[in-house]
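1. Could you work out the structure for the sequence below:
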Amino acid sequence: MNWGLRIVVGLGTFMLLIMGAGIYMVSQDTDSLVDEDYYEKSLVYDDVYKRKQNMIDDDVKPKLQLDGDTLTIVFKGDINKGEVNFKRPSDGSLDLKVPFYTQSNTFRLPVSTFSKGNWTLEVVWEHNTRAYFDSQSLFIP
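-> As a prediction, this is how the structure comes out:
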């Protein structure tokens, strides 16, 4: 085989590899975005920042406790209202929002039906007309 034929075969192989990679990428239906509405969320990030700063200033970071198949969120004060966003980094279709209202300082939620693995919990709540936001990681064994 002479050098001209080797160049043509090499160039053809390279072109097939690039075309195959392009077809593979276009045929994939998944998107790597964490949030579908990331642009809208970025427009109101000042509110999220203010909620995070309120949590730091008031020192009201909630504590997460996993006892068996029950998740307990312990707040600093009584009468809390908000929602817990469960986000699964590996599979966005498992994301879940759970609203809550507590008279005491604890909120309990059974997690036996949740997939095992890493979760990101975003707790958005209000207490005494102050708004708060906290994000923590949770591993469900």
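2. Please name the bridge partners of F100.
-> As for beta bridges, F100 partners with G82 under DSSP bridges.
3. From L138, how far off is it?
-> Separation of F100 from L138 (Cβ to Cβ, to the nearest Å) stands at 16 Å. All C-beta atoms are positioned from the backbone trio N, CA, C, and that covers glycine.
4. burial measure for E126, as a count.
-> Number of residues near E126 (other Cβ atoms under 10 Å) recorded here: 14.
5. So what's the model's average confidence on the strand or helix carrying D46?
-> Using DSSP states H and E, D46 falls within helix 45-58. Here helix 45-58 scores 95 as its mean pLDDT.
6. Spell out which strands sit alongside the next helix or strand after it in the sheet and which way each one runs.
-> Next in sequence after helix 45-58, counting helices and strands by DSSP H and E, comes strand 63-67. Using DSSP bridges, the strands paired with strand 63-67 are strand 70-74 (antiparallel).
7. Which neighbouring elements make contact with the helix or strand harbouring L17?
-> Taking DSSP H and E as the criterion, the element that holds L17 is helix 3-27. On a contact count with 3 or more Cβ pairs under 8 Å, 6 or more residues apart in numbering; DSSP states H and E, helix 3-27 meets no helix or strand.
8. and that helix, how far from the chain's centre?
-> 38 Å (Cα atoms, centre = their mean, to the nearest Å).
9. Sweet, I'm off.
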